[in-house]
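Undergrad: Model the structure of this input:
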Amino acid sequence: MLEELLIAIVVIILVIALLILAGGLYVVRQWENVAVLRFGRIIKIVKEAGLHFKIPFIDSIRRVDFRMRTLDLKGQKAITKDNISVGIDAVVFLRVEDAQKVILNVVDYEEAVSKYAQTSIRDIIGQYTLDELLASREQVAKSLKNIVDELSAEWGVDITKAELQEIFLPDDMKRAFAVQAESERESKAIIIKASAELQASETLKKAALNLSDPNAMQLRILETVKQVSKDQSNTILFALPLETIQSAGIQGLSSMASIRPKFLQGDIQKAKQTSSSKEE
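TA: Purely as a prediction, here's the structure:
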């Protein structure tokens, strides 16, 4: 009976020892560090992944995740340098650099970074006019990163990047920008049209100078007659001023007659006589 009692006591002691031993074991994952606290004081930071041991009931642990985190700064209201109210959607990317600083220097580092970034973005936007803000989104995001990173370094947190996702404008400003864009497009269209007309007038001027040559005028007349004589079902009366007939000469009239045989021979003879009298 006594032996059975001793065996039971030993078994109970072994079970308790195993439970205590199991309570002292903990696992460090690859993406985290573990701070071991003894009587409320950090005695070491465990960085190596795997199974580790702590003194049960004396040591405690606190895990710190080193993976990248994102903080959404949505619906932030700010006023630009030229007193225009805008809405900002931004995002901040951060990660823990020093587990000991994160534990000792700040209660909730994500909340702290979020609040400070919200304040900083309002101050930064107040330094820009609306046009500068729309044209300098990258510069604003870079300034936000640098300002927040300077303070968060004391908390053991690194701000890797900050971005402006969207800038919201008041409805009246959207209408004003639309009117401005439409006016700019109309102005460009007028300039392009005027430039085209100028080029066309210069080309016509050169063409007029070339047509002052009788041979050039003769070719132009022949080409015109050729174009209008394609439809054989119509009778075409081609009226020419006297100066044009004189410039074309007898050969030009003969060529027109060969292209358009429906001309009356009497009219051609009159034109020839008129041209001969003018030359005399």
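
Undergrad: Check Ala216 and give its pLDDT.
TA: Looking at Ala216, its pLDDT stands at 67.

Undergrad: Report the residue spans of this protein with pLDDT below the cut-off.
TA: 1, 22, 174, 211-219, 221-222, 225, 228, 230-280 (pLDDT under 70).

Undergrad: again, only using 50
TA: 260-265, 268, 271, 275, 278-280 (pLDDT under 50).

Undergrad: domain parsing for it?
TA: The chain breaks down into these domains under automatic domain parsing: 2-65, 69-169, 212-279.

Undergrad: Give me whichever of those domains is most buried.
TA: domain 69-169 (a mean of 16; mean count of other Cβ atoms under 10 Å). To be clear about C-beta, it is placed using only N, CA and C from the backbone, and glycine gets the same treatment.

Undergrad: looking at it, Ile125 is touching Val86, isn't it?
TA: Yes: Ile125 lies in contact with Val86 (Cβ atoms under 8 Å); the separation is 7.0 Å.

Undergrad: okay if I get the domains of the chain as CSV plus distance to Gln180?
TA: What follows is these, written out as CSV (distance: least, Cβ to Cβ, whole Å):
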stretch, distance to Gln180
domain 2-65, 48
domain 69-169, 11
domain 212-279, 48
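
Undergrad: tell me the phi and psi of Ala181?
TA: Backbone geometry at Ala181, expressed as degrees, to the nearest 10, gives phi -60, psi -40.

Undergrad: Any idea how many residues pack against it?
TA: 10 (other Cβ atoms under 10 Å).

Undergrad: What would the helix or strand harbouring Asn146 look like as CSV? C-alpha coordinates only.
TA: Assigned by DSSP states H and E, Asn146 belongs to helix 137-152. Only the C-alpha atoms of helix 137-152 are listed here, as CSV (Å, rounded to 0.1, in the frame of the first residue of the first chain):
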residue,chain,number,x,y,z
ARG,A,137,2.5,64.4,-55.7
GLU,A,138,5.8,62.5,-55.6
GLN,A,139,7.5,65.4,-53.7
VAL,A,140,4.6,65.6,-51.2
ALA,A,141,4.8,61.8,-50.6
LYS,A,142,8.6,62.0,-50.2
SER,A,143,8.3,64.8,-47.7
LEU,A,144,5.7,62.8,-45.7
LYS,A,145,8.0,59.8,-45.6
ASN,A,146,11.0,61.9,-44.4
ILE,A,147,9.1,63.7,-41.6
VAL,A,148,7.4,60.6,-40.2
ASP,A,149,10.6,58.5,-40.5
GLU,A,150,12.5,61.0,-38.5
LEU,A,151,10.3,60.6,-35.5
SER,A,152,9.5,56.9,-35.9
